[in-house]
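Novice: Kindly generate the corresponding structure for this input.
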Amino acid sequence: QVQLVESGGGLVQPGGSLVLSCAASGSILSIYAMGWYRQVTADERELVATITKGGAANYADSVKGRFTISRDNAKNTVYLQMNSLNAEDTGVYYCKAAGAITPGKTGGEYWGQGTQVTVSS
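Specialist: Numbering: from 1, shown residues only. As a prediction, the model looks like this:
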């Protein structure tokens with residue numbers, strides 16, 4: 001089993017910055033990809049950014065040039081540096097681990113509990 005714990009959300013003014021962190025714990029042998037998603041409806045989460053174990057990053061068009069995702073494989077931790085925040089970035093951000101390998105299981109997907117980001121003056 002893999003547990004994901006997010007931190008770093010909060011209230012920030014437009015134009016400001018935040019850093020989100022997500023640490024994975026448990027009997028983890030490897031995690032292929034980690035990333036951040038934002039809740040857009042009750043049933044849908046949209047991709048914000050993902051990064052593979054090898055460092056290949058993918059971003060939503062709306063955040064390119066403003067957000068940077070990074071990862072510490074030794075700590076199984078992923079970070080999201082968010083700059084030039086605007087009101088449209090407001091939402092609950094969820095961390096996801098995909099392709100996780102644990103004893104007895106491969107390809108597992110796990111989600112964190114979510115962290116609120118509010119951009120408002």
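Novice: The residue most central in space within the chain sits in which helix or strand?
Specialist: Nearest to the centroid of the C-alpha atoms of the chain, with distances taken as Cα atoms, centre = their mean, sits Trp36, at 2.6 Å. Following DSSP states H and E, one finds Trp36 within strand 30-39.
Novice: The residue nearest to Gly10 when sequence neighbours are not counted pairs with what?
Specialist: The spatial neighbour of Gly10 that comes closest, neighbours along the chain excluded (Cβ to Cβ, 6 or more residues apart in numbering), is Leu18 at 6.5 Å. (C-beta placed from N, C-alpha, C; glycine too.) Assessed by DSSP bridges, Leu18 has beta-bridge partners Met82.
Novice: separation between Leu18 and Thr90?
Specialist: As defined by Cβ to Cβ, to the nearest Å, Leu18 lies at a distance of 11 Å from Thr90.
Novice: could I get the strand holding Trp36 in CSV with only the CA atoms?
Specialist: C-alpha atoms of strand 30-39 as CSV (Å, rounded to 0.1, in the frame of the first residue of the first chain):
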residue,chain,number,x,y,z
SER,A,30,9.4,2.2,-7.5
ILE,A,31,6.9,4.7,-8.8
TYR,A,32,6.8,5.4,-12.6
ALA,A,33,5.0,8.7,-12.6
MET,A,34,3.9,11.2,-10.1
GLY,A,35,1.8,14.3,-10.8
TRP,A,36,-0.8,16.8,-9.8
TYR,A,37,-4.4,17.1,-10.8
ARG,A,38,-7.1,19.7,-10.1
GLN,A,39,-10.7,18.9,-9.4
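Novice: contact partners of that strand?
Specialist: Applying Cβ atoms under 8 Å, 6 or more residues apart in numbering, the external contacts of strand 30-39 come out as 2, 20, 22, 24, 45-53, 58, 69, 71, 76, 78, 80, 91-101, 114.
Novice: Which of these fall in strands?
Specialist: Among those, the members found in strands (DSSP state E) are 2, 20, 22, 24, 45-52, 58, 69, 71, 78, 80, 91-101.
Novice: Of the residues you listed, just the buried ones, PyMOL syntax please.
Specialist: Here is the PyMOL command that selects the buried residues among the ones in strands among the contacts of strand 30-39 (16 or more other Cβ atoms under 10 Å):
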select buried, resi 2+20+22+24+45+48+49+50+51+52+69+71+78+80+91+92+93+94+95+96+97+98+100+101
